[in-house]
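Colleague: Mind looking at a prediction? Sequence and model below.
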Amino acid sequence: MRTDTSNSGNGSGEKQCYSVGRSMKRKEDPRFLTGNGNYVDDIRLPGMLSMVIVHSPYPHARIRSIDKTAALAVPGVKAVITGEDLVAANLGWLPTFHGFDKQMVLAVGKVLFQHQEVAAVFADTREAALDAAELVEVDYDPLDPVTTPFDAMKDEVILRDDRDHKTNHIYHWESGDRGGTDAALDGAEITVNERVYAPRCHPAPLEPCGCVAQFDAMGRLHFHVTSQAPHVYRTAISLVTGIPEDKIRVVAPDIGGGFGNKVPVYPGYVCAIVGALILKTPVKWIETRTENLTTTGFARDYHMDVTIGANKDGTVTALKVRTVADHGAFDAAADPTQYPAGMFGIVTGSYDFPVAFTELDAYFTNKAPGGVAYRCSFRVTEASYAIERGMDILARKLDMDPADLRRKNFVHKDAFPYQSALGFTYDSGDYAGTLDKALTQIGYADLRKEQAEKRARGEYMGIGISTFTEVVGAGPSKHFDILGIKMFDSAEIRIHPTGTGIVRAGTKSQGQGHETTWAQIVSEELGLDAENILVEEGDTDTAPYGLGTYASRSTPVAGAAIALAARRVREKAKKVAAHLLEASPDDIEWTDHTFQVMGAPDRSVTMKDVAFAAYTNPGEGNEPGLEASLYYDPPNMTFPHGAYIAVVDVDADTGEVKVRRFLAVDDCGTVINPMIVEGQVHGGLTEGFAIAFMQEIPYDEQGNNLAPNFMEYLIPTAVESPVWETGSTVTPSPHHPIGAKGVGESPNVGSPAAFVNAVMDALAPLGVTHIDMPLTREKVWRAVRDARGAAASD
Ligand code: PCD
Ligand SMILES: [Cu+]
């Protein structure tokens with residue numbers, strides 16, 4: 001792999017300038033850095049109305065009546081719609097992501113969580129709409145709220161009276177060998193057990209959600225929206241509203257971060273479309289920060305009981321994980337249809353468990369709906385946190401170094417493809433190699449020495465390891481679909497006469513840099529300059545149908561489609577090359593990014609020559625033009641892995657934790673752009689750091705959301721964030737055309753456990769075994785105080 005951070009050789013030279021493995025500067029950045037991005041809120045159309053949503057102050061209440069009179073009297077107000085209006089139009093409910101449940105668009109009869117959408121106001125200006133929203137009079141009859149899944153499971157108060165099943169239980173899911181696992185745990189020389197909680201948190205992208213709905217003179221809907229999956233939106237809108245799909249154009253323009261938050265379809269989108277339809281004028285809806293944090297997809301909220309069985313020498317013999325999941329008011333979790341608990345089955349992680357079992361029960365509560373994959377390929381972060389905490393707890397019980405315990409149990413690098421006890425076939429990996437690299441790079445032995453000295457002085461230093469394996473790139477269509485739509489992806493490539501071109505894909509970048517990396521793949525495959533390959537995504541009128549960008553699937557799926565579509569272009573080009581070289585196509589080979597006559601390397605033509613000929617002189621019987629499209633259904637997921645190490649110093653008297661160092665060694669197979677991958681890792685680590693130490697959406701006993709803004713829901717700035725150290729190993733995916741695996745989510749999946757393990761390691765001398773995230777100063781301080789108190793009273 002070459003790593004070259006300069007943008008040298010711009011457009012000149014024999015070979016292509018930019019290709020796979022080079023840190024080409026991001027092609028999209030000049031637009032962003034000069035303030036010329038084009039976001040949904042930048043759209044201004046003549047006659048455009050502003051929509052504002054009225055929210056419920058109660059988490060659980062019956063709606064006695066809604067009076068619109070005062071709101072409608074505000075100058076500039078055009079309409080107010082309620083749940084009843086939508087029900088009359090047959091648009092009262094929205095199918096949820098995987099289709100098992102439905103969700104109210106605007107509350108009908110009852111509100112089920114604080115801030116739930118109750119009415120939508122349309123006005124000439126945002127100010128008028130805001131004023132009117134305050135004047136919509138809703139008469140509520142408050143009911144007792146249910147705020148934890150443990151209360152919900154008692155079924156004393158049934159939340160959803162729209163459902164036939166009078167229970168708050170949503171579903172049970174299980175995987176693996178229950179009997180075998182129980183038997184192995186019963187017979188284990190050692191077992192450890194801990195309940196760990198992955199708290200309800202929120203992706204909180206910089207740009208909140210929003211849309212502009214417009215019907216043109218031909219009655220065609222143009223819908224600009226912050227969507228990670230524009231094609232799925234188009235199909236969903238057609239199915240829900242009955243508007244023929246050809247009469248709908250969904251455009252996702254520039255997006256200011258998605259992180260899973262912009263996968264689901266939200267009530268505001270439906271209301272904006274309805275408003276534009278009935279008022280016959282464009283409607284814009286842009287969320288506030290509070291609306292984003294309180295109503296759109298939350299993440300996690302998994303209570304996980306982890307039990308590991310092992311021999312005295314540290315060899316693991318069985319894993320059992322039981323989870324209680326809080327899904328909020330509707331089962332709007334973003335998971336593929338056949339996987340209600342997402343990819344939680346990756347919970348065996350990097351370790352060779354002979355037997356395992358996991359089961360999960362999900363419940364309704366009076367909290368916001370969601371369960372989105374916040375930088376996590378559907379519950380992979382939860383799973384990774386559970387197993388990586390579990391392994392550390394086992395290491396402590398065995399009094400073994402956590403690195404040694406891990407190394408002892410890794411799936412061996414010669415064991416791939418590896419069939420896990422919970423049914424995944426891991427494609428490739430070298431876990432020991434990656435861990436060893438990380439240990440050397442950070443100077444592990446010296447750090448342990450330093451720690452021992454500090455402990456002798458009564459100082460609390462901790463080292464935390466996480467050696468995670470992810471499963472990303474959904475996915476093989478026999479297993480993965482959303483609302484029945486198979487999770488393939490697509491690419492379309494056109495090469496112009498002068499040897500430049502355009503590639504379109506079914507994905508949609510939200511900051512990941514696809515405009516650069518997709519061009520690099522085409523460049524590598526076709527020997528053309530990446531600087532002159534335009535990348536276009538996000539417009540359903542032009543892009544081929546694809547399932548979008550989330551779950552780190554773009555590189556594994558669309559990236560593969562792009563490489564293979566380019567190879568299809570190359571096959572066509574070969575015939576033209578043969579014509580130009582007056583040889584048979586069978587005698588032409590593609591070497592060093594040019595077409596050559598076999599055995600005669602001096603007789604060659606470049607792709608640029610061929611492109612021109614394809615339009616000017618294609619040769620008898622050859623199809624003119626140079627383009628190809630391809631739909632790719634991956635044979636398997638990709639399994640990136642990494643070894644992360646955190647070093648912390650804890651002030652036991654104040655609870656303050658300082659992350660002194662953090663090293664992430666990632667293996668995502670073949671790297672397309674090392675600089676972009678490093679940026680992905682930095683971003684994800686910062687989010688993982690926030691989740692570990694400061695982020696949570698808590699609710700009080702009355703069901704009030706306690707983190708409805710950035711005063712309570714904390715976003716780390718450069719001041720709080722540690723300096724990230726990175727490294728990499730490369731174990732290509734055997735089934736991906738260029739060997740690449742996804743990476744966007746790895747740092748978020750792998751890092752929370754490393755941080756928590758480090759703090760627990762620091763506090764080990766005090767006997768503190770576990771603290772649930774986020775590890776705020778107060779929680780750490782309390783844990784230390786309790787531990788000291790217990791020690792004093794012994
Ligand atoms: N091997 C490799 C891999 C990768 N890469 C690169 O990197 C990136 C990423 O990728 P991926 O991994 O494939 O992924 P995607 O699909 O593209 O994306 C997605 C992700 O991404 C991440 N990152 C990011 N960044 C930014 N800036 N922004 C955002 O928003 C975001 N988000 C996040 C998330 S969350 Mo989910 O949705 O939860 O499911 S999922 C996710 C791109 O550019 C690519 O191409 C390279 O180079 N190489
Ligand atoms: Cu997750």
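Modeller: Thanks, I have it. Ligands and ions are numbered 1, 2, ... in the order given.

Colleague: Contact partners for the residue of the stretch 101-250 of the chain found nearest ligand 2?
Modeller: Ligand 2 sits closest to residue 198 of the stretch 101-250 of the chain, with a gap of 7.5 Å, by Cβ to the ion. For the C-beta atoms, the positions are set from N, CA and C on the backbone; glycine is no exception. With contacts defined as Cβ atoms under 8 Å, 6 or more residues apart in numbering, the neighbours of residue 198 are 300, 301, 302, 304, 381, 382, 385, 386, 752, 773.

Colleague: Those also near ligand 2: which ones?
Modeller: Restricting the contacts of residue 198 to those within reach of ligand 2 (Cβ under 5 Å from the ion) leaves residue 381.

Colleague: Can the longest helix seen in the chain be said to contact ligand 1?
Modeller: As assigned by DSSP state H, the longest helix anywhere in the chain is helix 560-581. No: on the criterion Cβ under 6 Å from any ligand atom, helix 560-581 is out of touch with ligand 1, staying 9.8 Å away.

Colleague: That helix - contacts with which helices or strands?
Modeller: With contacts taken as 3 or more Cβ pairs under 8 Å, 6 or more residues apart in numbering; DSSP states H and E, helix 560-581 sits against strand 489-495, strand 501-505, helix 514-526, strand 588-591, strand 594-597, strand 600-605, helix 607-616, strand 627-632.

Colleague: Could you list the paired strands of the last one along with their orientation?
Modeller: In other words, strand 627-632. strand 489-495 (antiparallel) (DSSP bridges).

Colleague: Point out the residues in the chain that sit beside ligand 2.
Modeller: Residues of the chain lying near ligand 2 (Cβ under 5 Å from the ion): 376, 379, 381.

Colleague: do that again at 6 Å, thanks
Modeller: Within the chain, the residues that sit near ligand 2 (Cβ under 6 Å from the ion) are 299, 300, 373, 376, 379, 380, 381, 382.

Colleague: Residue 493 is in contact with residue 566, correct?
Modeller: Yes: the pair residue 566 / residue 493 is scored as a contact, 5.9 Å apart, by Cβ atoms under 8 Å.

Colleague: Could you list the low-pLDDT ranges of the chain?
Modeller: 1-18 (pLDDT under 70).

Colleague: Taking it, what residue is nearest to ligand 2?
Modeller: For the chain, Cβ to the ion, closest residue to ligand 2: residue 376, 3.3 Å.

Colleague: Run a quick neighbour tally on that residue.
Modeller: Around residue 376 there are 30 other residues, counting by other Cβ atoms under 10 Å.

Colleague: wait, isn't it in contact with residue 745?
Modeller: Yes: the pair residue 376 / residue 745 is scored as a contact, 5.6 Å apart, by Cβ under 8 Å.

Colleague: Quick check: neighbours shared by the two?
Modeller: Joint contacts of residue 376 and residue 745 (Cβ under 8 Å, 6+ apart) do not exist.

Colleague: Can you give me the neighbour number for residue 373?
Modeller: 28.

Colleague: tell me the contacts of it?
Modeller: 260, 263, 299, 334, 335, 342, 379, 380, 550, 551, 745 are the contacts of residue 373 under Cβ under 8 Å, 6+ apart.

Colleague: Same list (these) but as a markdown table, adding distance to ligand 1.
Modeller: Below are the contacts of residue 373 laid out as a markdown table (distance: Cβ to the nearest ligand atom, whole Å):
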| residue | distance to ligand 1 |
| --- | --- |
| 260 | 3 |
| 263 | 6 |
| 299 | 8 |
| 334 | 8 |
| 335 | 11 |
| 342 | 10 |
| 379 | 11 |
| 380 | 9 |
| 550 | 3 |
| 551 | 4 |
| 745 | 5 |
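
Colleague: Enumerate every residue touching residue 728.
Modeller: 665, 666, 667, 668, 671, 674, 677.

Colleague: Tell me how far it lies from residue 666.
Modeller: 6 Å (Cβ to Cβ, to the nearest Å).

Colleague: Equivalent analysis for residue 652, please.
Modeller: 33 Å.

Colleague: Now for the residue nearest to residue 420 when sequence neighbours are not counted: which residues touch it?
Modeller: The spatial neighbour of residue 420 that comes closest, neighbours along the chain excluded (Cβ to Cβ, 6 or more residues apart in numbering), is residue 348 at 5.0 Å. Each residue near residue 348 by Cβ under 8 Å, 6+ apart is listed here: 319, 356, 387, 420, 421, 422.

Colleague: what about the third one, helix or strand, and which?
Modeller: Same thing as residue 387. helix 380-398 (DSSP states H and E).

Colleague: Sort out which residues of that helix are buried, please.
Modeller: 380-396, 398 (16 or more other Cβ atoms under 10 Å).

Colleague: Checking the nearest residue to residue 42 once chain neighbours are set aside next. Helix, strand or coil?
Modeller: Distances taken as Cβ to Cβ, 6+ apart put residue 253 closest to residue 42, at 7.7 Å, once the chain neighbours are dropped. Here residue 253 is recorded as coil under DSSP: H, G, I helix; E, B strand; the rest coil.

Colleague: Residue 253 against residue 538, yeah?
Modeller: Yes: in this structure, residue 253 is within contact of residue 538 by Cβ under 8 Å, at 6.8 Å.

Colleague: Could you check which of those two has the larger neighbour count?
Modeller: The neighbour count for residue 253 versus residue 538, taken as other Cβ under 10 Å, is higher for residue 538 (29 against 19).

Colleague: Distance check, that one against ligand 1.
Modeller: 13 Å (Cβ to the nearest ligand atom, to the nearest Å).

Colleague: tell me the contacts of that residue?
Modeller: 227, 230, 251, 252, 253, 508, 509.

Colleague: And for the fourth one, nearest residue in space, chain neighbours not counted?
Modeller: I take that to be residue 252. residue 538 (3.9 Å).

Colleague: ditto for the first one
Modeller: Setting aside the residues directly before and after it, residue 227 is nearest to residue 252 in space (Cβ to Cβ, 6+ apart), at 4.5 Å.

Colleague: ok, that neighbour - how many residues close by?
Modeller: By other Cβ under 10 Å, neighbour count at residue 252 equals 29.

Colleague: wouldn't it be in contact with residue 506 here?
Modeller: No: counting by Cβ under 8 Å, residue 252 stays clear of residue 506, with 11.5 Å between them.

Colleague: where do the contact lists of the two overlap?
Modeller: Residues touching both residue 252 and residue 506 by Cβ under 8 Å, 6+ apart: residue 537.

Colleague: Rebuild the helices and strands packed on helix 560-581 as CSV, extending it with mean neighbour count and distance to residue 718.
Modeller: What follows is these, written out as CSV (neighbours: other Cβ atoms under 10 Å; distance: least, Cβ to Cβ, whole Å):
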stretch, mean neighbour count, distance to residue 718
strand 489-495, 25, 35
strand 501-505, 25, 32
helix 514-526, 27, 24
strand 588-591, 17, 46
strand 594-597, 21, 46
strand 600-605, 14, 50
helix 607-616, 21, 43
strand 627-632, 19, 39
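
Colleague: Distance to residue 111 added to these, as TSV?
Modeller: Below are the helices and strands packed on helix 560-581 laid out as TSV (distance: least, Cβ to Cβ, whole Å):
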stretch	distance to residue 111
strand 489-495	38
strand 501-505	40
helix 514-526	39
strand 588-591	63
strand 594-597	66
strand 600-605	68
helix 607-616	60
strand 627-632	43
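
Colleague: Please name whichever of the ones you listed is nearest to ligand 1.
Modeller: Nearest to ligand 1 among the helices and strands packed on helix 560-581 is helix 514-526; the distance by Cβ to the nearest ligand atom comes to 3.2 Å.

Colleague: Quick check: next helix or strand after the closest one?
Modeller: Downstream of helix 514-526, the first helix or strand assigned by DSSP H and E is strand 533-537.
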